[in-house]
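Student: Quick one, what's the 3D model for this:
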Amino acid sequence: MINIGVIGCGYWGPNLVRNFNSLKNARVFGVADKREKRLEYISRLYPNIELITSKADDILHHPEIDAIIIATPVSSHFTLAMEALENGKHLLVEKPMTSTLEQAEVLIETAEKKNLTLMVDHTFIYTGAVRKIKEIIANDELGEIYYFDSVRVNLGLFQNDINVIWDLAPHDVSIMDHLINKKPRTISATGMAHFDTGIENIAYISVMYDAGLMGHIHVNWLAPVKVRKTLICGSRKMIVYDDVEPSEKVKVYNKGIDYIKRREEAYDLLVQYRTGDMLAPRLELTEALNLVAGEFIDSIENDRRPLTDGQAGYRVVKILEAAGRSLKQGGKVVDL
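Tutor: The predicted structure is shown next:
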């Protein structure tokens, strides 16, 4: 039985507690949060949790806790994560893993040095929709991928410590990194802060890969409707992934174009449109966070790298950090 300590029990924390408590080989031993009302809430829901505390140190240093989950604001991730690793605890960190690339490198090096599991909660990677899309791409059903285009907008909760890129884009960047599985070459980002805080509330990120492959992400806290839609265009088929849809979240379209070159006129190209069927594949309905919890515990027990390990977290932070540099320079192209 692996004893879990959870630091931070805001919006996501109770979901973490519920899912880890549902595993047969793990239990939540302790929870820490600075807000007494949150601790009272958790105590009522889970009276069997042995340690309820307002001090993160009580979790970080408890000898009976084997692994720690950090679900606090991004700015505190590195300090808490380092102390957890230094105390010999396996670690699951909420997205994004750290505030800087340098911090991500230090966490990875420390975890490897101490032979501890380091995992990032990129929950969307474990959803039935993304796992199905990954399977379709791995089977080469899309053909050559031309672009990944994602929109994540809503009338959202304005953050006071991070901009919209660091708040919303980690989801899309982690999905893009997982599905495309290629090294990006350059990035550019533009955005705007419409209020006195100076924190950007809308942003557009463009990521360039080799061979004409392009990624584009639009994030926005100031939209009248909630949109969570991704388009993936391949040479043979295209995918529309709409996470707001209650059913048929993934639709695969047998549509595209074919270029036909006339033999007698070498430079005369014809565009022929191809329209075929749409398929909405069946998706696994297991809660993604339950799979995250299982992946974390299994990687500890079997001493293996989790799917969303420290390197996956590093790649996401690298894009976020570079997007921030480009944003501050008015959209300048930044090499990755």
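Student: Could you give the number of residues near the closest residue to S54 other than its chain neighbours?
Tutor: Among residues not flanking S54 along the chain, K34 sits closest, at 5.7 Å (CB to CB, 6 or more residues apart in numbering). No exception for glycine: its C-beta is placed from N, CA and C like everyone else's. Number of residues near K34 (other CB atoms under 10 Å) recorded here: 12.
Student: Regarding stretch 58-70, how distant is the last residue from the first?
Tutor: By CA to CA, to the nearest Å, the extent of stretch 58-70 from end to end equals 14 Å.
Student: Please enumerate residues in contact with it?
Tutor: Outside stretch 58-70, the residues that touch it by CB atoms under 8 Å, 6 or more residues apart in numbering are 2-8, 16, 20, 29-32, 51, 53, 76-77, 80-81, 83-84, 87, 89-94, 117, 121, 296-297, 300.
Student: And for stretch 98-116?
Tutor: Residues outside stretch 98-116 that contact it (CB under 8 Å, 6+ apart): 74-75, 77-78, 81-82, 85-86, 88-91, 93, 97, 117-118, 166, 303, 310-311, 313-314, 317-318, 321.
Student: Quick check: nearest residue in space to K237, chain neighbours excluded?
Tutor: K237's closest residue in space is L142 (CB to CB, 6+ apart), at 5.1 Å.
Student: Filter the contacts of stretch 58-70 down to just the ones in helices.
Tutor: 16, 20, 77, 80-81, 83-84, 296-297, 300 (DSSP state H).
Student: and which of those residues is nearest to V244?
Tutor: Comparing the ones in helices among the contacts of stretch 58-70 against V244 with CB to CB places L16 closest, at 23.5 Å.
Student: how about the helices of the stretch 51-200 of the chain, start to end?
Tutor: Using DSSP state H, counting those that start in this stretch, the helices of the stretch 51-200 of the chain run over 56-60, 77-86, 101-113, 128-138, 164-180.
Student: Looking at those helices, spot the one closest to Q272.
Tutor: Evaluated over these, closeness to Q272 peaks at helix 128-138, with 23.7 Å, by CB to CB.
Student: tell me what that closest one is packed against?
Tutor: If contacts are counted by 3 or more CB pairs under 8 Å, 6 or more residues apart in numbering; DSSP states H and E, helix 128-138 sits against helix 164-180, strand 238-242, strand 250-261.
Student: 6 Å instead, please
Tutor: helix 164-180 (3 or more CB pairs under 6 Å, 6 or more residues apart in numbering; DSSP states H and E).
Student: between the helix it packs on and helix 128-138, how big is the angle?
Tutor: 40 degrees (axes from the mean of the first three to the mean of the last three CA atoms, to 10 degrees).
Student: and the angle from helix 164-180 to strand 238-242?
Tutor: Counting by the same axes, to 10 degrees, helix 164-180 lies at 140 degrees to strand 238-242.
Student: how distant is helix 164-180 from the center of its chain?
Tutor: Computed by CA atoms, centre = their mean, to the nearest Å, the chain-centroid distance of helix 164-180 equals 5 Å.
Student: that older thread, looking at it, the residue nearest to K237 is touching G234, isn't it?
Tutor: Yes. L142 is within contact range of G234, at 2.8 Å (criterion: CB atoms under 6 Å).
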